[in-house]
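> predicted model and sequence below, questions to follow.
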Amino acid sequence: MKKITAIILVLSVVLTGMVFANGQKDASGEAKKYKTVLLVKSLGNGFFEAVRDGGLEAAKELGDVESIYMGPSASTAEGQIEIIESLIAQHVDAIAISANDRDALIPVTKKAMKAGIKVMSFDSGINVGGRLVDLVPSVEELIGRQQVQLIAELTGNKGKIGIVSSTSQATNQNAWIKWMYEEIKKPEYKDMEIVEVAYGDDAADKSYREAVGLMQKYPDLAGIISPTTIGVLASAKAIEDEGKQGKVQLTGLGLPSEMQHYIEDGTCRQMALWNPIDLGYTSTYIMEALITGKISGKEGDKVDAGRMGMITIGKDGLAVMGTPFVFNKDNIAKFAAMF
Amino acid sequence: MKELLRKREFTLFVIIAFVLVLIVIRVPAFIEMENVLRIVNDTSILIMVSLGQLAIIVTGGIDLSVGSIIAFSGMAASMLNQYHPDLSVFVVLLVGIGVGTGLGIFNALVIAFGKVPPIIATLGTLSVFRGFTFVLSKGQWVTAHEMTEKYMNLPHGHFLGLTNLIWFGIVVSLLMYGFMRYTRTGREVYAIGGNKTAALFVGVSEKKIQFVVYTLMGVLAGLAGVMWTSRFAAAVNETAIGFELQTVAACVLGGVSIAGGSGTVVGVILGALFLGILTNALPVVKLSPFYQMGLQGVVVLGAMVVNSVSAKREEKKLLERRLD
C-alpha cells in the first residue's frame, strides 16, 4: 500500500511538473489567459477524455481561457488532493472537479478558494461549502419527461408502452418513472399508455426475461423504455431474439459503446444519456464567468453557456445542465469511441 | 431404492404439472410449443450447472463459486472473441471451457489437498474469481458490436428444430446421467457421500473424488460462461451473480440430499425446469412484482415441503415392508 501511495505521489508530482512547464510556455508565448483546470476522477477513462474535449471546445470559443486537463492515475481522493495543492501553488484561476469523495476534498478546496481560485464541481459533486457551483448533468424531471418524448417519436405518439427498470427500490429509476407518468398525461400522448413497470434488477438474464414477458403479455406492445444501462441492453437483445424489431420500439438510458450495435441495426433508434463533452464545455463556461466576475455563484445567477444556452444557478450553488443528450445512428459511432 | 427414487421424481413431476395448470389458466399461451421451447432454452444453462452442483452435493460438499466461474470464463471467452475475431468460435468455446476448468481445478486443489471445507473454500473463491473478472475486463463490458456474429450465434443456431443451447443441455444431461449411474467414479461419488468411512475402507479415494467433482464443475461452468455471454450478447462483470443459489435450489428441489449420498440426474433436471418455468411465468402472469418475489419463494418452499414429506412417507413404508 505504501508503495502504491509512493507511486501515485511520484506520478502526480511528475504530471503537475509537466503541466506547469506547459503553462509557462503558453504564458510567455501568448497574451495572458485565465487558467481553468478540469480535474477528473482518474486519467485513462474515455468518459473523462470526452470531458477534456468539451473543455477545449469551450476555451476555443471563449478565447480568454486556457483549458488544462488533469487527474490522478487512480481514482482516489488523496490523488486529487495532491493535485489541488500543487494547483494552488501554481496560482491557476479556476478548478472544476469531478470528485472522488463528496467531503474529503473540502478542506483543500476551501484553501484554494481562500487563495482566490474559483472552485466548482461537476458530474460527481462536492458538498456545499467546498465549492461555489455544482454542475449536475440533469434532473429527475427532465430525464423522465424526455424518455416519454423519445419513445413517442419512435411509435408515432401511440400504443402500449412497457418499462424495464432496475430494482423496484432504485431511487433514481423510480423518480424518473414518476415523471414519465406525469409527462404521458399530456394531451399529445392521449393514444399512448404505460401498461406496466417490470423490474430487471440490473441483471442481464432477469431484464431479458422481463422484456420477453412484456412482449408476450402485450402482443401489441408498441415500445419499451428502459432507463438503466443493463436493462436497455438486455431489452434490445430480447427484441432482436423475438424478431420484434420495428414492431416494438426501444429507448432508454444507455452507454453509447455498449449500445452501438443496436442503435446501428435499428433495434433502438434513439436513446439518451448525459454527454461528457457537454459537461466539460459547460463547466469551462461557468469557470470563465466566475473568474471574470460575471457571476459569483449565488442563487439566481445566469451564465450564458454558448451552445448549451442559459444556465441558472439554483439553491446551494446547484446548476443543472439540461436534458440528456440524444444518441442516434448519426452520432453513435463518434461517441461509442469515447465512452 | 430404485422405486423410491422414481417415486420422488414423480412427486416433483406432479407438482410441476400442477403449477403449470395454474399458470396456463391465467396465461393460456404459456403452453404453446414456441414458449415451451423458449423456457427449455432459457433453463439449459441452469440444468448444465446444476448437474455439476449435483455431483458436488452428493459428495457432501457445495460449490458457491459457480456464478463467479461463469462470469470469469464468459468474460475471458468474450474478450478473446473481441480481440481475435478471426479465431474459430470452436476455439473460443474450448478456451472458455478451459478457463473454467482451470478455476475448477483451483477449487479442487484447495479443497482436496488444502483440506479446507468446501463451503469456506468456495465462499473465498466466489470473491476471488469475481475480483479477477473485474481485473481481466478492467471494469469494461464486451457487448454486441464487439462480438462476432458467429459467437453470438453459438447458442442461437438451430439444429433439428432445437437451438444449439438446448442441444448442449441434452448432451451434458446424457453424459452426466451415464457418468453418475454407470461409471465406477460416478458410483464412488455416491459412496463417499453416503458413508465416507465405509467408502474409505473399501479403498475409495476421497481426494480423487473431490478433485473430479470440482474440476467437472469448472468444465460445466466454463461452458455455461461461454453460453451465457454469447446468448445475451453481453459479457458484464455482474454476470450470474447469485446463480450458485439457483443451482443449489434446483438440486434440493430435485430431491438431492444436502447431507450427501443421494440425488439423481433426472431429479435435478426436473428441479431446474421447475425453477425455469417459475422465472419465465412470473413476468407474464399479471401480478405486482412485489407479489411475484414472495410468490416465487412460497412456491419453491411449498414444493420442497411436499417433496420431502412424501419422500419421508415413502421411506417409512419401505422400512415397514422390510420389517414385515
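Everything's here; your move.

> C-alpha only now, for contacts and for neighbours.
OK.

> could you find the closest non-adjacent residue to residue B:177?
Take residue B:177 and drop its neighbours on the chain: the residue closest to it by Cα to Cα, 6 or more residues apart in numbering or on different chains is residue B:265, 5.8 Å away.

> oops, could you answer that again for residue B:43 instead?
Closest to residue B:43 by Cα to Cα, 6+ apart is residue B:276, at 5.3 Å.

> now do the contacts for that neighbour.
B:39, B:40, B:42, B:43 (Cα atoms under 8 Å, 6 or more residues apart in numbering or on different chains).

> tell me the helix or strand right after the helix or strand hosting it.
In the assignment (DSSP states H and E), residue B:276 maps to helix B:265-281. Using DSSP H and E, the next helix or strand after helix B:265-281 towards the C-terminus is helix B:289-323.

> could you check whether that next one is close to chain A?
Yes - using Cα under 8 Å from any Cα of the partner chain, helix B:289-323 reaches chain A at residue B:289.

> that helix versus helix B:265-281: what angle between them?
Helix B:289-323 and helix B:265-281 meet at an angle of 160 degrees, taking axes from the mean of the first three to the mean of the last three Cα atoms, to 10 degrees as the criterion.

> now do helix B:289-323: which elements does it pack against?
helix B:2-26, helix B:243-253, helix B:265-281 (3 or more Cα pairs under 8 Å, 6 or more residues apart in numbering or on different chains; DSSP states H and E).

> buried set for stretch B:125-141?
B:125, B:126, B:129, B:130, B:132, B:133, B:134, B:137, B:141 (16 or more other Cα atoms under 10 Å in any protein chain shown).

> mind putting these in TSV, pLDDT and secondary structure included?
Output for the buried residues of stretch B:125-141, formatted as TSV (pLDDT from 0 to 100; DSSP: H, G, I helix; E, B strand; the rest coil):
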residue	pLDDT	secondary structure
B:125	96	helix
B:126	95	helix
B:129	96	helix
B:130	93	helix
B:132	93	helix
B:133	92	helix
B:134	89	helix
B:137	88	helix
B:141	87	coil
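
> not counting sequence-adjacent ones, nearest residue to the most centrally placed residue in chain A?
Residue closest to the average C-alpha location in chain A (Cα atoms, centre = their mean): residue A:274, at 3.9 Å. Spatial nearest neighbour of residue A:274, chain neighbours left out: residue A:324 (4.6 Å); criterion: Cα to Cα, 6+ apart.

> leaving out chain neighbours, which residue sits closest to residue A:277?
Once flanking residues are discounted, residue A:277 sits nearest to residue A:54: 4.2 Å by Cα to Cα, 6+ apart.

> burial count for that neighbour?
As a burial measure, residue A:54 scores 23 neighbours (other Cα atoms under 10 Å in any protein chain shown).

> could I get the buried residue list for the helix or strand containing it?
Residue A:54 belongs to helix A:46-62 when assigned by DSSP H and E. Residues of helix A:46-62 classed as buried under the neighbour-count rule (16+ other Cα under 10 Å) are A:47-59.

> counting neighbours, what do you get for the closest residue to residue B:11 other than its chain neighbours?
Distance criterion Cα to Cα, 6+ apart; nearest residue to residue B:11, sequence neighbours excluded, is residue B:307 at 6.3 Å. Residue B:307: 22 surrounding residues under other Cα under 10 Å.

> likewise residue B:313?
Using other Cα under 10 Å, residue B:313 has 11 neighbouring residues.

> ok so, going back, how about the buried residues of helix A:46-62 in CSV, adding pLDDT and distance to residue A:129?
Shown next, in CSV, are the buried residues of helix A:46-62 (pLDDT from 0 to 100; distance: Cα to Cα, whole Å):
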residue, pLDDT, distance to residue A:129
A:47, 80, 27
A:48, 86, 25
A:49, 85, 28
A:50, 87, 28
A:51, 92, 24
A:52, 93, 25
A:53, 92, 28
A:54, 93, 26
A:55, 95, 24
A:56, 95, 28
A:57, 94, 29
A:58, 95, 26
A:59, 95, 27
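
> and residue B:267, what is it in contact with?
When contacts are counted by Cα under 8 Å, 6+ apart, residue B:267 is found next to B:8, B:9, B:12, B:251, B:253, B:254, B:255, B:256.

> do that again at 7 Å, thanks
Going by Cα atoms under 7 Å, 6 or more residues apart in numbering or on different chains, residue B:267 touches B:9, B:254, B:255.

> ok, residue A:200 next?
Residue A:200 neighbours (Cα under 7 Å, 6+ apart): A:164, A:165, A:166, A:167, A:206, A:207, A:210, A:231.

> now the fourth one. Nearest residue, chain neighbours left out?
By that I understand residue A:167. residue A:201 (4.2 Å).

> is it true that the one you found touches residue A:166?
Yes - with contact defined as Cα atoms under 7 Å, residue A:201 reaches residue A:166; the gap is 4.4 Å.

> which of the two has more neighbours?
Between residue A:201 and residue A:166, residue A:166 has the larger neighbour count (other Cα under 10 Å), namely 27 against 20.

> give me phi/psi at the more buried one?
phi -90, psi -120 (degrees, to the nearest 10).

> residues contacting the residue nearest the centre of chain B?
The centroid of chain B falls nearest to residue B:50 when counting by Cα atoms, centre = their mean (1.9 Å). Contacts here follow Cα under 7 Å, 6+ apart; on that basis residue B:50 touches B:247, B:248, B:250, B:251, B:268.

> what's the following helix or strand after the strand or helix carrying it?
Assigned by DSSP H and E, residue B:50 belongs to helix B:33-58. Next along the chain after helix B:33-58, taking DSSP H and E as the criterion, comes helix B:66-83.

> mind checking if that next one is in reach of chain A?
No - Helix B:66-83 does not reach chain A (Cα under 7 Å from any Cα of the partner chain); its nearest approach is 12.0 Å.

> got the buried residues for that helix?
Result for helix B:66-83 [16+ other Cα under 10 Å]: buried residues B:66-82.

> would you mind giving the domain segments of chain A?
With domains defined by automatic domain parsing, chain A comprises A:2-137+A:276-336, A:140-273.

> off-centre distance for the shortest one?
Think domain A:140-273. Offset of domain A:140-273 from its chain centre (Cα atoms, centre = their mean, to the nearest Å): 20 Å.
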